[in-house]
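Participant: Sequence first, then the predicted structure, then my questions.
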Amino acid sequence: MNRKLSLLILILSVAGGISTLQGCQKAVVNVPTACSQEAKLCPDGSAVGRTGPNCTFAPCPQIQNPDVAPVNPNLPVVNPKPTGDASDNTVEFGEPIVMRIADMFAFPDGMVLTLKEIGDSRCPKGVQCIWQGELSPLFVSTANGTSDEIRLGTVRQESISLKGHTYQLEAATEDSATVRVSLENGTN
């Protein structure tokens, strides 16, 4: 009888264990995805980063009218001409100018300013980032046969003084930058 009772207890224990295991469910924990900070260059000159749970590149923006750069309507602006020659694009110091990539402007002292690129390190929506990121246009200033690269940003280093000129970033989008160049001594 003890043997039958022991066998019955063993069978009930195994059945209870199986029942308990069947009742357990795997817990799902949603961990935010941290994508790499790579960027893909789009046909319009802007860049997109990786986003989403699979870290795929965000879609490139649709090109509406490539000859019109989005700007702040409250700023008086010298409209860039899409030429590679700065002689047709002369501006005065102190005027805000909107530049698209490869636009060139000449100033009264002979300095030529070119927008080389616009970096975009902003954090994509739905991704946890260490910092908010920024748009950071890279300009090339050429004077007296010497060129200097000037990197400005919408968060860090909005202005810089270099070789007698002050460069102030007024606004930036993925495909344009509004900059104001002044002479360091305060005269425009």
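Facilitator: Right, received. Where do you want to start?

Participant: ok, which stretches of this protein are helices?
Facilitator: Applying DSSP state H to the chain gives helices spanning 2-23.

Participant: Could you list the low-confidence segments of it?
Facilitator: Scanning the chain for pLDDT under 70 picks out 1, 7-8, 10, 12, 14-33, 37, 39-46, 62-88, 186-188.

Participant: That one: strands as residue ranges?
Facilitator: Under the criterion DSSP state E, strands of the chain are mapped to 39-41, 47-51, 56-57, 96-100, 104-106, 112-120, 135-143, 146-151, 159-162, 165-172, 176-183.

Participant: What pairs with the third one, parallel or antiparallel?
Facilitator: Looking back up the chat, that one is strand 56-57. strand 47-51 (antiparallel) (DSSP bridges).

Participant: Now do the partner strand and strand 112-120, the angle between them.
Facilitator: Angle, strand 47-51 to strand 112-120, by axes from the mean of the first three to the mean of the last three CA atoms, to 10 degrees: 10 degrees.

Participant: residues near the closest residue to Arg151 other than its chain neighbours, how many?
Facilitator: Distances taken as CB to CB, 6 or more residues apart in numbering put Leu138 closest to Arg151, at 5.2 Å, once the chain neighbours are dropped. Using the backbone N, CA and C atoms, a C-beta is placed for each residue, glycine as well. Neighbourhood size, Leu138 [other CB atoms under 10 Å]: 16.

Participant: For Leu138, list the residues it contacts.
Facilitator: 115-119, 149-151 (CB atoms under 8 Å, 6 or more residues apart in numbering).
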